[in-house]
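Engineer: prediction below, plus the sequence it came from.
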Amino acid sequence: MIFNSDGREYYWKRDNEPLKEHHVKSTVKFGGGNIMVWDCFSSFGVCNIVRIYGRIDKELYREILNDNLLGTIRWYNISKNDIVFQQNNDPKHSAKPTYE
């Protein structure tokens, strides 16, 4: 930056030198609140983001998939045979109602 700082800070260290305390800047990771959302994307675009209030269970997850994932597939007119659906091994992802 020529006139102002962009807020970034840089520290130089040699490749074989261990990381030292002055190389790391502490940050606050908690206390600012949180929000849980579900979203999906494809090569065609993104779907509507869904804000999740409270805890998510297998029934709510199934409702989100039905309304938003399948809705996105219909919106972009994507063949179900042309999608790759990925998720982690969370129990609600592999619950029987999710696959019905």
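Structural biologist: Sure thing, it's come through. Numbering: from 1, shown residues only.
Engineer: by mean pLDDT, point me to the weakest helix or strand of this protein.
Structural biologist: One helix or strand of the chain scores below all others by mean pLDDT, DSSP states H and E: helix 96-99, with a mean of 68.
Engineer: quick one: residues contacting residue 57.
Structural biologist: Residue 57 makes contact with residue 92 under the criterion C-beta atoms under 8 Å, 6 or more residues apart in numbering. Every C-beta, even on glycine, is put in place using the N, C-alpha and C of the backbone.
Engineer: gap between it and residue 91?
Structural biologist: According to C-beta to C-beta, to the nearest Å, residue 57 and residue 91 sit 10 Å apart.
Engineer: next: residue 31.
Structural biologist: If you go by C-beta to C-beta, the gap between residue 31 and residue 91 works out to 29 Å.
Engineer: for residue 45, same thing?
Structural biologist: Residue 45 is 30 Å from residue 91, by C-beta to C-beta.
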